[in-house]
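**Q** Need the 3D shape of this:
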Amino acid sequence: MPRVNTVGRLKTAVFLAFCVCCSARAAELPAMIEVPSSPPISMSRSEVTFDQWQACVVEGACKGAQDDHAWGRGSRPVINVSWADARNYAAWLSTKTRQRCRLPSEAEWEHAAAGGATTAYWWGEGHGTGMANCRDCNADPIYGSRPVGSFPANPYGLVDMNGNVWEWTDDCWTAGACGQRVIKGGSWYYYSANATVRARARNDAQQGSYNIGIRVVCAR
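**A** Next up, the predicted model:
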């Protein structure tokens with residue numbers, strides 16, 4: 001998996017998956033980026049894609065047939081997955097990587113999204129143009145998700161932390177209200193104010209949406 005060293009340069013490492021009778025292709029598992037933190041964690045470089053999700057479906061660990069709203073599948077973020085579905089994917093990924101994989105906490109997500117910055121977005125206070133997929137982030141508004149990595153990576157090497165689709169976190173919306181889970185990052189449908197590092201929203205943990213995808217973290 002790519003890793004970030006102390007001067008921010010990416011190192012290439014091999015991210016292998018193992019199954020009973022074969023090795024999964026690297027493209028079937030998310031590339032991971034080491035995020036500077038204590039304790040150290042690795043976060044998926046992008047939102048989990050339809051192709052990566054399908055590898056879990058094929059092995060019977062994840063539900064399939066998610067509606068892609070005719071935007072396409074492949075390297076676009078998988079959508080219409082519930083919080084429980086997302087946790088199932090993380091559990092499956094744990095068996096493939098021999099690491100402890102899960103959904104990020106809200107605090108972990110914000111730390112990773114900031115990329116070391118203290119501004120509203122990792123690139124500054126304003127949403128700018130051409131930096132993310134959100135309703136007012138581009139000269140010509142984009143309808144629907146875009147393939148992961150269509151916009152610049154942040155200083156940690158993570159893409160689409162702002163916009164494209166919301167991302168599930170492991171956190172309850174409020175203490176004692178765990179039927180609603182925190183989602184972060186905004187989406188193509190929402191304005192840039194929802195795509196800042198600190199912005200937060202919620203969704204029923206049992207319901208998926210065409211606006212919500214997933215990103216995972218793993219630790220040894």
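**Q** What is the least confident helix or strand in this protein?
**A** Every helix and strand of the chain was ranked by mean pLDDT, DSSP states H and E. The lowest is strand 10-11, at a mean of 38.
**Q** Past that one, which element shows up next along the chain?
**A** Moving toward the C-terminus from strand 10-11, the next helix or strand (DSSP states H and E) is strand 32-35.
**Q** That next one packs against which elements?
**A** Here strand 32-35 touches strand 3-4, strand 41-44, helix 106-114, going by 3 or more C-beta pairs under 8 Å, 6 or more residues apart in numbering; DSSP states H and E. Every residue, glycine included, has its C-beta placed from N, CA and C.
**Q** what's the most buried one of these?
**A** Stretch with highest mean neighbour count among the helices and strands packed on strand 32-35: strand 41-44 (a mean of 25; mean count of other C-beta atoms under 10 Å).
**Q** For it, list the C-alpha coordinates in PDB.
**A** Output of strand 41-44 as PDB, limited to C-alpha atoms (Å, rounded to 0.1, in the frame of the first residue of the first chain):
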ATOM      1  CA  ILE A  41      -3.800   4.000  10.900                       C
ATOM      2  CA  SER A  42      -4.100   3.400   7.200                       C
ATOM      3  CA  MET A  43      -7.100   4.900   5.300                       C
ATOM      4  CA  SER A  44      -8.400   3.900   1.900                       C
END
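**Q** which residues touch that strand?
**A** Here strand 41-44 makes contact (C-beta atoms under 8 Å, 6 or more residues apart in numbering) with 1, 3, 30-35, 99, 104, 108, 112, 158, 215-219.
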